[in-house]
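1. sequence and predicted structure are below.
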Number of protein chains: 4
Amino acid sequence: MIQPRPIEYGESVLLWDEDKKKSFLFILMQGGELGTHKGKIFHDDIAGKMEGSLIQSSTGSGYRVFRPMVYDRIMKVQRKTQIVYPKDAGWLILSLNLGPGMKIIEMGTGSGAFTILLAYIVGAEGKVYTFDRREDFLKNAMENVKKAGLSDRVVHGVLNAGEPFPVKDVDAVFLDLPEPWLAIPASWEALLPGRPLASITPTAEQLKKTVQSLKENGFAIMDVVELLERRILVRKREGVRPFEKMVGFTGYLISARKLQ
Amino acid sequence: MIQPRPIEYGESVLLWDEDKKKSFLFILMQGGELGTHKGKIFHDDIAGKMEGSLIQSSTGSGYRVFRPMVYDRIMKVQRKTQIVYPKDAGWLILSLNLGPGMKIIEMGTGSGAFTILLAYIVGAEGKVYTFDRREDFLKNAMENVKKAGLSDRVVHGVLNAGEPFPVKDVDAVFLDLPEPWLAIPASWEALLPGRPLASITPTAEQLKKTVQSLKENGFAIMDVVELLERRILVRKREGVRPFEKMVGFTGYLISARKLQ
Amino acid sequence: MIQPRPIEYGESVLLWDEDKKKSFLFILMQGGELGTHKGKIFHDDIAGKMEGSLIQSSTGSGYRVFRPMVYDRIMKVQRKTQIVYPKDAGWLILSLNLGPGMKIIEMGTGSGAFTILLAYIVGAEGKVYTFDRREDFLKNAMENVKKAGLSDRVVHGVLNAGEPFPVKDVDAVFLDLPEPWLAIPASWEALLPGRPLASITPTAEQLKKTVQSLKENGFAIMDVVELLERRILVRKREGVRPFEKMVGFTGYLISARKLQ
Amino acid sequence: MIQPRPIEYGESVLLWDEDKKKSFLFILMQGGELGTHKGKIFHDDIAGKMEGSLIQSSTGSGYRVFRPMVYDRIMKVQRKTQIVYPKDAGWLILSLNLGPGMKIIEMGTGSGAFTILLAYIVGAEGKVYTFDRREDFLKNAMENVKKAGLSDRVVHGVLNAGEPFPVKDVDAVFLDLPEPWLAIPASWEALLPGRPLASITPTAEQLKKTVQSLKENGFAIMDVVELLERRILVRKREGVRPFEKMVGFTGYLISARKLQ
């Protein structure tokens, strides 16, 4: 049984400001300091505390301390590219049938945000094979994966869309590319029979071309959707209503399965 | 390395009709028959086939055969209650920080659709403790879990909202109840420090009461959202556009973390 | 000053069933009868009543009687084609800058639902010039316009998309065609300088082609949108939430202005 | 027949920058100058031009000149309060059955944006009776109405929600108040039998209270909705997709009719 365990030096820590809905992700170090807009936070005040504890800044402002969840890791990656947002990521996890022990190919590593989620869900016995044509993206992404403590589950490589994948018989393929159709024949080759492929793509034209290519290259289309997330404001006195601003669009999501 | 493996008698099978976007989930049995609106399917025609293969009905209609994904399990449960839909389920998985090896409490088993997903994601080393006040719901849900082959990861029990949970130090709590607030103090007791609670609730009034109760009982609210899923029609000739009908609402989703 | 005036024989009447949210639109006739799923309604029971009065059916069910609003006329037209729905119609009215005394061209009369709204808003001193390539559509539409009592404000004619309009110096043009781009040069010719053109179109491809053609033919694009209407369920006991089903898509709306 | 007429001194003018989708609304004056972020615009360069003409700034940037539409008037009012946005305004126009010659009460004048639209649609023979409890709001709103050239159709007065309206037998009532329910009995008294009332309100709680009060005070609820407007990006090369940001919520819309 897991026992509640205080936060120690060397661990990743999420510092959370309820008022501002702002948070900081960093590694706790002896003697360390974090400058915030509400005063300094001394790392030594955090060490030994339980998650959820209240931490005071030098100016007396209150923060809560947590260990980061995978959600926090995703949102806090060093970004070089657009990331797959949590609302879409959750849908993709289900479409990819992702679970412990699985082997998955990700083509288009980008900033590695979704790579982290994949690695988290496949667990210690699974494996994520992630590819990108740009070495600098891969380098940054693998830094992000490392910070999340998931390096041992991720194999990466430089690859152009259209080149065969150097791994076979995988349980799922995820494509996050400007031209997903280029990687569809190679995806078919790498997948186990009947297993899922998913992709995200930004425009109607790319969507159409991807769907068409999937149909022509031995895949059945299971679903094509977009998700709108509305954040809701809940206030005791003023009442309940959606926020005035929202993210209007992040991409079209495609789910398919390999045919024989 | 997993080798492609033909479908055998005794396995669960998903039969899928692309035209109708209709599917059947059943256990493959020697000599078995399935009556569809497009003629009979003989189980013996499926045995020995690879996933993704084309199967002909007695009237010559074509079906594709697959092993069910967890998504299919969710959608095909024997329903006694409203289920948590995949679009919401994916978001909840992330909000609950769910991954291999975790222990989670689910209060409000219902039809067991979400229980199946939880059990799938926590893997063989994790555990789902699921509770419902109605024994008949639990019985039906555990049947569904059993069909999905996940019984060994699920512990269930009859419990009323408000009673203490018979398990402690869990990694996450999910509440799917008419009155989630009744179970919030017990959830706090059962959770490890800083760990997440999530809930789904249908009306603005229930949402407000739940959020208020979380704040008053030692939780920080991380997010309150609703998700709209729009299915997109992609046709070669006619072009791309959203479907004319859509599911307009399934519930408000709440994500919180335990404070000390 | 308008005095409250009882409903008379010969008037159009809307009979409205609150429970079912169902309604009937018909002309009140001496001795007339209307069969409903809740018994017969005798026209003579309605004559002489004020709007909003309760009318009993032969089986004792209650209905409310109203004079139809323009909204009811739109929803109750004899349909031969898809109609422009009220949510989109309202947006279009504003985009077309429509008001009393205006002259507007409508190309694509269809069932005449939007023609009725246009005629209603331009008033007795305005004029709607409506064209369709199909004489049968025009015939049906003009029947609908006549039932709404607005025939004197509507001029109609058979015309193919691309042919010049037989009217000039109009205040606005509305295009509801499968290929709106065919009518854009003729629209430019017919419009007063700087005045608005609006259109509705169902797919991303048609939208793109229409926008491109507008830009190439002397129009400035003001706005391109789609509207989602969510109906909200408000119940005293159960509380407030969106309906479970909704209309997901009715078309893309385009607003432009003529350049010199 | 209206002849194309060049723009003259003394007219209101909309100057529109296509690149920035930014616009300026002002009165054209001999010798006048307008400072923009792209150089000066000399009024004398506009006088005598047709709508839709290209105007050069002092630095050579291009603007288009138009006469303002009612939409532009709404968006450019001097704001002291939240305005009713065009997407909602269009829906309300239909729900209120608004057309030429009508008499309507508006309770909650605010900035007068919706007052302008009402006055525009009812025409020279209609009348808008608008009330607000705050004299300063009324003063500002009537300035906005005057700029739109619609003062002769608008009667205004200071009134608290709950006080009887000083006008009777109106065709429609619109309530834009923090507590719409306070004005519902007075609205019933002022309306012609069977005629519509509409309202906009921001929270679920206010919505519920308003709907409840309408039911208890002699109204039938016709519709309760919210509208989401998604702006669509149409680009020749990159393709079609919704904008990344959108307005998530502006209010719940209620439509009702007076019962006898």
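-> Here it is on my side, so go on. Residues are numbered from 1 along each chain as shown, chains lettered A, B, ... in the order given.
2. contacts and neighbour counts: CA atoms only from here.
-> Fine.
3. and for the closest residue to chain C within the stretch 151-260 of chain A, the neighbour number?
-> Nearest residue of the stretch 151-260 of chain A to chain C, counting by Cα to the nearest Cα: A:Ala204, 6.6 Å away. Look at A:Ala204: counted by other Cα atoms under 10 Å in any protein chain shown, it has 24 neighbours.
4. just give the nearest non-adjacent residue to it, would you?
-> In this structure, A:Ala204 finds its nearest non-sequential neighbour in D:Val240, 5.5 Å apart by Cα to Cα, 6 or more residues apart in numbering or on different chains.
5. how far does the helix or strand harbouring that neighbour sit from the chain's center?
-> Assigned by DSSP states H and E, D:Val240 belongs to strand D:239-242. With Cα atoms, centre = their mean, to the nearest Å as the basis, strand D:239-242 stands 29 Å off its chain's centre.
6. A:Arg134 contacts A:Val158, doesn't it?
-> Yes - between A:Arg134 and A:Val158 there is a contact under Cα atoms under 8 Å: 6.6 Å.
7. below-threshold pLDDT in chain A: ranges please.
-> Along chain A, the model assigns pLDDT under 70 to residues A:1-2.
8. who's in contact with A:Leu159?
-> The neighbourhood of A:Leu159, defined by Cα atoms under 8 Å, 6 or more residues apart in numbering or on different chains, consists of A:Phe131, A:Asp132, A:Arg133.
9. state the distance from the closest residue in space to it that isn't next to it in sequence to A:Lys87.
-> In space, A:Leu159 comes closest to A:Arg133 once its chain neighbours are excluded; the distance is 4.8 Å by Cα to Cα, 6+ apart. Separation of A:Arg133 from A:Lys87 (Cα to Cα, to the nearest Å): 26 Å.
10. what does A:Gly52 give?
-> 25 Å.
11. between those two, who's got more neighbours?
-> A:Gly52 (25 against 19).
12. what sits against the more buried one?
-> Neighbouring residues of A:Gly52 by Cα under 8 Å, 6+ apart: A:Arg64, A:Val65, A:Phe66, B:Pro193, B:Gly194, B:Arg257, B:Lys258, B:Leu259, B:Gln260.
13. would you mind listing the buried residues in stretch A:76-90?
-> Neighbour-count burial for stretch A:76-90 flags A:Lys76, A:Val77, A:Arg79, A:Ile83, A:Val84, A:Pro86, A:Lys87, A:Asp88, A:Ala89, A:Gly90 (criterion: 16 or more other Cα atoms under 10 Å in any protein chain shown).
14. hmm, back to that, give the next helix or strand downstream of the strand holding D:Val240.
-> strand D:245-247.
15. partners of that next one in the sheet?
-> Its sheet considered, strand D:245-247 pairs with strand A:245-247 (antiparallel) by DSSP bridges.
16. residues of chain A that sit close to chain C?
-> A:Ala204 (Cα under 8 Å from any Cα of the partner chain).
17. one more time with 10 Å, if that's ok
-> Within chain A, the positions near chain C by Cα under 10 Å from any Cα of the partner chain are A:Thr203, A:Ala204, A:Glu205.
18. let me have those residues in JSON lines, extended by secondary structure.
-> Shown next, in JSON lines, are those (DSSP: H, G, I helix; E, B strand; the rest coil):
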{"residue": "A:Thr203", "secondary structure": "coil"}
{"residue": "A:Ala204", "secondary structure": "helix"}
{"residue": "A:Glu205", "secondary structure": "helix"}
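19. related to what we said a few turns ago, what's near enough to touch the residue of the stretch 151-260 of chain A closest to chain C?
-> Contacts here follow Cα atoms under 10 Å, 6 or more residues apart in numbering or on different chains; on that basis A:Ala204 touches A:210, A:251-252, B:232, B:234, B:239-241, C:203-205, D:238-242.
20. where do the helices sit along the stretch 101-250 of chain A?
-> Counting by DSSP state H, counting those that start in this stretch, the segments of the stretch 101-250 of chain A that form helices are A:113-122, A:135-147, A:184-190, A:204-216.
21. from the contact counts, what lies against the shortest one?
-> Helices and strands in packing contact with helix A:184-190 are listed as strand A:103-107, strand A:172-175, strand A:196-201, helix A:204-216, strand A:219-235, strand A:252-258; criterion 3 or more Cα pairs under 10 Å, 6 or more residues apart in numbering or on different chains; DSSP states H and E.
22. in a markdown table: these, plus distance to D:Met107.
-> Output for the helices and strands packed on helix A:184-190, formatted as a markdown table (distance: least, Cα to Cα, whole Å):
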| stretch | distance to D:Met107 |
| --- | --- |
| strand A:103-107 | 58 |
| strand A:172-175 | 55 |
| strand A:196-201 | 47 |
| helix A:204-216 | 44 |
| strand A:219-235 | 27 |
| strand A:252-258 | 43 |
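23. surely A:Pro4 meets A:Gly48?
-> No - between A:Pro4 and A:Gly48 there is no contact under Cα atoms under 10 Å: 11.5 Å.
24. list phi and psi for the closest residue to A:Arg241 other than its chain neighbours.
-> Using Cα to Cα, 6+ apart and skipping the chain neighbours, the partner closest in space to A:Arg241 is D:Thr203 (5.0 Å). Backbone geometry at D:Thr203, expressed as degrees, to the nearest 10, gives phi -120, psi 160.
25. what of A:Tyr71?
-> phi -60, psi -50.
26. in its sheet, what does the helix or strand where A:Leu15 lies sit against?
-> Per DSSP H and E: A:Leu15 is located in strand A:12-17. If you go by DSSP bridges, strand A:12-17 pairs up with strand A:22-27 (antiparallel), strand A:62-66 (antiparallel).
27. buried residues of the longest one, list them for me.
-> By neighbour count on 16+ other Cα under 10 Å, the buried set for strand A:22-27 is A:Ser23, A:Leu25, A:Phe26.
28. quick one, domains of chain A?
-> Split into domains by automatic domain parsing, chain A comes to A:12-68, A:71-258.
29. distance check, the residue nearest to the spatial centre of chain A against chain D.
-> Centrality entry for chain A: nearest residue to the mean C-alpha point is A:Phe114, 3.0 Å, by Cα atoms, centre = their mean. Taking Cα to the nearest Cα, to the nearest Å as the measure, A:Phe114 falls 20 Å from chain D.
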